[in-house]
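Peer 1: Quick one: sequence and predicted model below, then my questions.
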Amino acid sequence: MVINNGLNCVRFTANRIISNLIRRNKSYYVTTPIFYVNSTPHIGHLYTATLADASCRWQRLRTGSDDVRLVTGTDEHGLKVMQAAQGGKVEPKEFCDRISQKFSKLFDDFDVKYYDFVRTTDSRHAAAVRELWKRIDDNGYIYKGSYEGWYCTSDETFLTDIQVDAKQRISLESGNPVEWMHECNYMFQLTHFIPQIKEWLLTTGGPIHPPHYRDEVFRILDQLHDLSVSRSSTRVPWGIPVPGDDTQTVYVWMDALCNYLTAAGFPDDEYREMWPADAHVIGVDILKFHAVYWPAMLLAAGLPLPGKIVVHSHWLYDGHKMSKSRGNVVDPLDAGVRFTTHGLKYFLLRQSHLETNCNYIDRRVEEVINGDLANVMGNTLNRAVAKGLNPDRRYPEFDVDLYNDDDAFSVDDRELVALVRGLPQRVERHASDFKYQDAIFHIMDATRKANLLIHRNALWRLDKTDGKKLKILNSKMYCVFESLRVAAILLQPFCPLVAERALDKLAIPHDQRGWEDAVANFLPLDGTRDALSGTVLPTSKSVLFKALPSQGSSKGVEKQATATKKREKRHAV
């Protein structure tokens with residue numbers, strides 16, 4: 001790589017920018033990447049959006065504030081998009097409109113509650129990109145130079161010699177083809193910001209999460225050169241022209257990353273109500289762009305840096321990388337028909353780990369959803385509200401004296417109570433750290449143990465005509481009800497529909513489904529009567545979650561056929 005550089009730069013530090021510009025009172029702001037429109041949505045796109053959605057729903061539950069904003073969208077510029085449109089024999093904008101609509105429909109269908117959907121072809125976005133460019137240029141960090149080196153069109157990225165297999169002419173990072181190019185472009189002084197980025201990475205708590213991805217960012221920083229931030233408009237006409245020079249097109253990643261500012265209202269003053277983002281949720285394959293390029297651009301423009309970059313690994317299909325050539329790419333819309341939209345989102349959170357690749361197997365999806373939602377949560381709730389254990393069909397009363405009676409309550413019974421009393425704090429510890437699989441584990445563990453209390457004590461055998469035994473039944477069923485209530489409240493960010501149904505069946509008022517309501521559990525043990533006790537339960541016989549038919553059953557085959565027909569109809573449009 002050869003770069004001609006002739007500018008002196010004004011120096012400033014990340015700490016000064018952050019301390020001067022961050023407003024204390026701002027919205028909780030989470031983003032997904034904007035998704036590239038060169039192909040249709042896949043399960044990975046839904047996973048990223050589901051993680052971001054869970055983060056926002058958790059924040060609403062934990063803080064009680066609705067000032068929470070999730071932003072997603074589509075990345076619609078660049079050579080790859082233009083080539084895809086040409087392949088489809090349509091104009092680029094028409095092609096983008098068609099694919100972008102599929103992404104917004106996917107998120108609508110799966111109840112991803114986004115505040116804004118940004119498209120890089122929007123005029124407001126072009127205005128934000130021009131202002132970002134102007135600020136970086138005015139601060140002296142953009143210069144006219146020549147770039148000679150490797151470029152990967154598929155990844156829309158420039159590569160150094162050590163990132164390329166020159167003989168095979170492929171990227172060592174992605175395996176995609178590369179080309180050697182020589183152009184006169186505008187260059188960004190990326191290397192100038194290496195010290196500030198390293199300082200940012202080492203701040204207390206650290207912006208990269210999980211932290212082990214930070215080592216990869218340091219490795220990238222040690223290989224940096226200045227970055228070409230424009231392409232010749234004769235080679236890449238489909239994009240935003242460089243301000244003041246329409247012979248050049250703004251580099252697609254500078255264009256795309258700016259969407260996070262666009263959604264905040266940049267460059268109008270209102271952007272400070274949202275910016276900086278609290279978390280960018282991304283896949284590990286775009287770590288370099290978000291943890292190196294983006295903070296450098298923000299520093300150069302005098303803008304504060306994001307709070308967290310939450311990095312997730314990928315989903316494999318039965319242990320293999322998903323690819324069109326293998327024919328194993330999971331269509332989320334098809335999977336949503338087969339497993340339900342809320343069931344599939346639950347599975348993605350329940351079975352994923354940010355640090356390692358996750359394995360998607362149809363059989364496992366079915367097992368997890370049925371096991372947790374239909375069996376653990378559904379069966380426990382059904383037993384709790386059934387007349388055999390709850391003849392009056394009311395929220396049970398709790399007798400503290402019986403609870404303290406060793407003959408009435410066993411050590412295991414009291415351990416369940418202790419488990420549920422501490423459940424909100426355990427879930428908070430994991431959910432606040434984006435470890436949703438661990439948070440859900442504790443929710444389901446408490447529910448499972450509530451069901452075990454029924455079984456261990458054989459509550460259905462207690463003589464309801466015996467006054468003391470009826471009080472024991474009611475007190476122990478109160479323990480089951482409280483376990484279900486607290487678990488359902490805490491489940492809301494991760495499976496909102498099932499949680500809502502459970503709370504409805506327990507007759508929990510809508511204004512008593514918040515964080516403080518989960519924390520305030522087993523009130524009689526604190527000397528306070530529980531106002532829920534005695535509440536009449538609804539008579540609805542609806543099922544919490546209908547168990548999914550197994551793959552080999554006639555219903556399972558029928559559902560798969562329906563999904564296939566829907567897919568074929570979509571692709572025909």
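Peer 2: Done, it's in.
Peer 1: Please count neighbours and contacts with C-alpha atoms only from this point.
Peer 2: Fine.
Peer 1: wait, what's in contact with Asp122?
Peer 2: Counting by CA atoms under 8 Å, 6 or more residues apart in numbering, Asp122 makes contact with nothing.
Peer 1: Mind listing what's buried along the strand or helix carrying Ala126?
Peer 2: Ala126 is part of helix 123-138 when elements are defined by DSSP states H and E. By neighbour count with 16 or more other CA atoms under 10 Å, helix 123-138 contains the buried residues 124-126, 128-136.
Peer 1: For Glu482, give its distance to Arg60.
Peer 2: 22 Å (CA to CA, to the nearest Å).
Peer 1: More neighbours: which of these two?
Peer 2: Glu482 (24 against 18; other CA atoms under 10 Å).
Peer 1: Would you agree that one is in contact with Phe522?
Peer 2: Yes: the pair Glu482 and Phe522 qualifies as a contact (CA atoms under 8 Å) at a distance of 6.8 Å.
Peer 1: Does anything pack onto the helix holding Ala126? Which helices or strands?
Peer 2: Judged by 3 or more CA pairs under 8 Å, 6 or more residues apart in numbering; DSSP states H and E, helix 123-138 is in contact with helix 259-264, helix 294-301.
Peer 1: got the angle for the longest one vs helix 123-138?
Peer 2: Using axes from the mean of the first three to the mean of the last three CA atoms, to 10 degrees, one finds that helix 294-301 and helix 123-138 are set 70 degrees apart in direction.
Peer 1: Okay, now the unreliable bits of the protein?
Peer 2: 1-24, 552-573 (pLDDT under 70).
Peer 1: Restricting to C-alpha, output the helix or strand hosting Met444 in CSV.
Peer 2: Following DSSP H and E, one finds Met444 within helix 436-457. What follows is helix 436-457, C-alpha atoms only, in CSV (Å, rounded to 0.1, in the frame of the first residue of the first chain):
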residue,chain,number,x,y,z
TYR,A,436,-29.6,-13.4,28.0
GLN,A,437,-29.2,-17.1,27.8
ASP,A,438,-28.1,-17.1,31.5
ALA,A,439,-30.9,-14.8,32.5
ILE,A,440,-33.5,-17.1,30.9
PHE,A,441,-31.9,-20.1,32.5
HIS,A,442,-32.5,-18.7,35.9
ILE,A,443,-36.1,-17.8,35.0
MET,A,444,-36.9,-21.3,33.8
ASP,A,445,-35.0,-22.9,36.7
ALA,A,446,-37.2,-21.1,39.2
THR,A,447,-40.3,-22.1,37.2
ARG,A,448,-39.2,-25.7,37.0
LYS,A,449,-38.6,-25.9,40.7
ALA,A,450,-42.0,-24.4,41.4
ASN,A,451,-43.5,-27.4,39.5
LEU,A,452,-41.3,-29.7,41.5
LEU,A,453,-42.8,-28.3,44.7
ILE,A,454,-46.2,-29.4,43.5
HIS,A,455,-44.9,-32.9,42.7
ARG,A,456,-42.6,-33.3,45.7
ASN,A,457,-45.5,-32.5,48.1
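Peer 1: Following element in sequence after that helix, please.
Peer 2: For helix 436-457, the following helix or strand on the C-terminal side (DSSP H and E) is helix 467-491.
Peer 1: what's that following helix packed up against?
Peer 2: helix 380-385, helix 400-403, helix 411-421, helix 423-431, helix 436-457, helix 496-505, helix 515-519.
Peer 1: what comes up buried for the shortest one?
Peer 2: By that I understand helix 400-403. Per 16+ other CA under 10 Å, helix 400-403 contains these buried residues: 402-403.
Peer 1: next one: it to chain centre, how far?
Peer 2: Helix 400-403 has its C-alpha centroid displaced from the chain centroid by 44 Å (CA atoms, centre = their mean, to the nearest Å).
Peer 1: For it, which outside residues touch it?
Peer 2: With CA under 8 Å, 6+ apart as the criterion, helix 400-403 contacts 408-409, 414, 472, 475, 524-525.
Peer 1: How about stretch 440-455?
Peer 2: By CA under 8 Å, 6+ apart, stretch 440-455 touches 350, 372, 376-377, 380, 413, 416, 419-420, 423, 426-427, 460, 476-477, 479-480, 483-484, 487, 490-491, 494.
Peer 1: could you redo the last one with a cut-off of 6 Å?
Peer 2: The contact list for stretch 440-455, computed with CA atoms under 6 Å, 6 or more residues apart in numbering, reads 376, 380, 480, 487.
Peer 1: Buried only: go through the residues you listed for me.
Peer 2: By neighbour count, with 16+ other CA under 10 Å, those hold 376, 380, 480, 487 as buried.
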